[in-house]
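> Return atomic coordinates for the entry below.
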Amino acid sequence: MTSPREDTYQDQDYQDGNALAGPLSEIFAVDVTAAGGRCASCGLTGPIASLRVYGPEPGYVARCPGCEEVVMRLVRGPDAAWLDLRGTVSLRISLRHEEGRP
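Next up is the predicted model:
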């Protein structure tokens, strides 16, 4: 027997986390889809690109591919963006070092 939450999302089409590349590039100077995140619910670690993304209307909802809990929400208005990361324990962003810089 499946829970109502599983029934709700199993039949919906989703994109992978790469769908967030454009919207997140308006907020961050680095490609966040390549960053590693850790799910606050089940502890699964992987790139943001591996998340299951639903949206874009009324906003993006990114779910963990392991437990399907919400990891990230992103809503954009005409003059502001709201980013909710409460389902993420941590976000590891690799920084490229330019020649001559540590």
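> for the closest residue to residue 39 other than its chain neighbours, phi and psi?
Closest residue to residue 39 apart from its sequence neighbours, by Cβ to Cβ, 6 or more residues apart in numbering: residue 64 at 4.2 Å. Just so you know, the C-beta spots here come from the backbone N, C-alpha and C atoms, and that holds for glycine as well. Backbone geometry at residue 64, expressed as degrees, to the nearest 10, gives phi -70, psi 130.
> I'd say residue 64 and residue 41 touch.
Yes: shown here, residue 64 and residue 41 form a contact pair, counting by Cβ atoms under 8 Å, at 6.5 Å.
> intersection of neighbour lists for the two?
The contact sets of residue 64 and residue 41 overlap at residue 87 (Cβ atoms under 8 Å, 6 or more residues apart in numbering).
> what about the chain, any weak spots by pLDDT?
The chain contains residues with pLDDT under 70 at 1-11, 97-102.
> Which residue ranges of the chain form strands?
Using DSSP state E, the strands of the chain run over residues 15-16, 36-39, 45-47, 52-54, 60-63, 70-76, 81-84, 88-92.
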